[in-house]
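A.B. asks: Okay, sequence plus prediction incoming.
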Amino acid sequence: MGFDVKWVQLVMTCVTSVQYAVLINGTSGKPFIPSRGIRQGDLISPYLFLLCAKVLSSLLSQAEKKGIISETLAKIEELKSLVSQKEEKVKPLKLRRALMFGALWNLQVPNPVKIFLWRACNDILPTRKNLLRRRVIEDGKCPWCNLEEETTTHAIWYCPAAKDVWNGAIEHPNKTHAVAIGVVDDFKRCLKSDEDANQLDQFDVQVPHCWKTPPEGIIKVNFDAAINKKTGFMGMGVIARDYMGNLLGAKRLSKSMLIDAHTAELMVASYAVTFSLEVGFFDVIFEGDALNVIRDVNSSLPYLSRSGHFIEGIKQEVLHLRSHSFVHVSRALNKAAHTLAKSAAAYFCDDVWLEDIPPCIFDIVTKDQRIPRS
């Protein structure tokens, strides 16, 4: 068609050298090269068609003028019309996709949900119809109902099994109401995290006025969590000390998630109990600065919110201890655990120290060693 060799090589490079990679939890996997070349649906496909069609149309027009071919004018006009229609279809399709993409990614939902919706809207979910079209399987019928072909709309909406799921989501309003109440309860607890310590009397929680070393034979374990919204990391810190204030063990760990403060504190409380059992501490005083967590763990009432499984897990784990108690302290008196948690959230690291003081809290621990015993 008269294209320069370099231009042809450039286009063929775009077609044959493309690589794909799959994002898994935000991490790009190993790139792979498609073996079947360009296919319908690739972004470059409609533009290559328009480009070649326009060049072919121009060549036919030149041949008609030079008398090389005849009686092709009508066919040329028909081809031009086809190309124009193709252009008009590509432009609004591209615009609609851009608008849909923007609308989806502005939704306040987790990224996996956005990706699922995008794939569903573009009909690229691994339904049996799509797998059959790609010759991965030999039967495209829905494996659940075996009534019709499994398309995206059938799998999500019209399959009897899918209808049962949707009906189950609305047939139990009491369950939905309980979940909603739990979320509101979590929000209220977070608002009350700085509640005055004088209100603890009704919950039978002991509130010391300053950090003190535990009695001889008892291990005191401080724990705290910190959330870094800029990095998206959650850090947790656990510190165990004896009756002389000597550090017996410390642990910091990070999670790449953003959750509410109450759930984060429950998670680190659970890690504190697990850490104590792993190291071999069986008479432990647990101290944390989250009032709502201490109150919930000490309460004998069932916790029906979405974080209830953490509390039930803690209560089951402490049964393996000889003695234990959960005590609330202020943030200032839990500074060592808080500083360790902040360092984990900032640097995304998992570390364990046994009878060695982490550098980031060395000054705090040595100062606490001079605090009188309780």
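C.D. replies: That came through fine. Numbering: from 1, shown residues only.
A.B. asks: and residue 235, which of the three is it?
C.D. replies: When classified by DSSP: H, G, I helix; E, B strand; the rest coil, residue 235 comes out as strand.
A.B. asks: residues touching it, list them.
C.D. replies: By CB atoms under 8 Å, 6 or more residues apart in numbering, residue 235 lies in contact with 225-228, 252-254, 340-346. Using the backbone N, CA and C atoms, a C-beta is placed for each residue, glycine as well.
A.B. asks: So which of those residues sit within helices?
C.D. replies: In helices, defined here by DSSP state H, the members of those are 340, 341, 342, 343, 344, 345, 346.
A.B. asks: closest to residue 268 among these?
C.D. replies: The shortest distance between residue 268 and any of the ones in helices among the contacts of residue 235, using CB to CB, involves residue 341 and amounts to 7.2 Å.
A.B. asks: Just the CA trace of stretch 52-64, in CSV.
C.D. replies: Extracted as CSV, the C-alpha positions of stretch 52-64 are listed here (Å, rounded to 0.1, in the frame of the first residue of the first chain):
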residue,chain,number,x,y,z
CYS,A,52,-5.7,0.2,6.0
ALA,A,53,-9.2,0.9,4.8
LYS,A,54,-8.4,4.6,4.1
VAL,A,55,-5.2,3.8,2.3
LEU,A,56,-7.0,1.1,0.2
SER,A,57,-9.7,3.6,-0.7
SER,A,58,-7.1,6.2,-1.8
LEU,A,59,-5.3,3.6,-4.0
LEU,A,60,-8.6,2.6,-5.7
SER,A,61,-9.4,6.3,-6.3
GLN,A,62,-6.0,6.9,-7.9
ALA,A,63,-6.4,3.8,-10.0
GLU,A,64,-9.9,4.9,-11.2
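A.B. asks: any idea how far residue 68 is from residue 55?
C.D. replies: Applying CB to CB, to the nearest Å, the value for residue 55 to residue 68 is 16 Å.
A.B. asks: just the strands in this protein please.
C.D. replies: Under the criterion DSSP state E, strands of the chain are mapped to 23-24, 27-28, 219-228, 233-241, 247-255, 283-288, 323-328, 351-354.
A.B. asks: what inclination does the fourth one have with respect to strand 283-288?
C.D. replies: The one in question is strand 233-241. For the pair strand 233-241 and strand 283-288, the angle between their directions (axes from the mean of the first three to the mean of the last three CA atoms, to 10 degrees) equals 140 degrees.
A.B. asks: Residue 160: neighbour count?
C.D. replies: Neighbour count of residue 160, defined by other CB atoms under 10 Å: 10.
A.B. asks: just checking, it touches residue 144?
C.D. replies: Yes: with contact taken as CB atoms under 8 Å, residue 160 and residue 144 are classed as touching, separated by 7.3 Å.
A.B. asks: Need the residues touching each of those two.
C.D. replies: Taking CB under 8 Å, 6+ apart as the contact rule, residue 160 and residue 144 have no neighbour in common.
A.B. asks: Kindly report the domain assignment for this structure.
C.D. replies: Per the record's domain assignment (automatic domain parsing), the chain is made up of the domains 5-122, 129-170, 198-368.
A.B. asks: Out of the strands of the chain, which gets nearest to residue 297?
C.D. replies: Of all the strands of the chain, it is strand 323-328 that lies closest to residue 297, at 4.9 Å by CB to CB.
A.B. asks: so where's the stretch 151-300 of the chain uncertain?
C.D. replies: 164-210, 257-258 (pLDDT under 70).
A.B. asks: Now do the helices in it.
C.D. replies: 152-153, 160-170, 173-191, 261-279, 291-298 (DSSP state H, counting those that start in this stretch).
A.B. asks: What mean pLDDT does stretch 10-20 get?
C.D. replies: Here the mean pLDDT over stretch 10-20 is 71, rounded to a whole number.
A.B. asks: go on, stretch 30-48?
C.D. replies: Mean pLDDT, computed over stretch 30-48, is 66.
A.B. asks: Endpoints of that stretch, how far apart?
C.D. replies: Terminal residues of stretch 30-48 lie 28 Å apart, using CA to CA, to the nearest Å.
A.B. asks: same question, stretch 288-307
C.D. replies: 17 Å.
A.B. asks: try stretch 295-308
C.D. replies: With CA to CA as the measure, the first residue of stretch 295-308 is 13 Å from its last.
A.B. asks: ok, now stretch 297-312?
C.D. replies: 8 Å.
A.B. asks: Give the buried residues for stretch 294-304.
C.D. replies: By neighbour count on 16 or more other CB atoms under 10 Å, the buried set for stretch 294-304 is 294, 295, 296, 297, 298, 303.
A.B. asks: Export stretch 359-369 to CSV, keeping only CA atoms.
C.D. replies: C-alpha atoms of stretch 359-369 as CSV (Å, rounded to 0.1, in the frame of the first residue of the first chain):
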residue,chain,number,x,y,z
PRO,A,359,16.7,0.9,68.7
CYS,A,360,13.6,3.1,68.1
ILE,A,361,12.4,2.6,71.7
PHE,A,362,15.8,2.3,73.6
ASP,A,363,15.4,5.6,75.4
ILE,A,364,11.8,4.9,76.4
VAL,A,365,12.5,1.4,77.8
THR,A,366,15.6,2.5,79.7
LYS,A,367,13.6,5.3,81.3
ASP,A,368,10.7,3.0,82.2
GLN,A,369,13.2,0.7,84.0
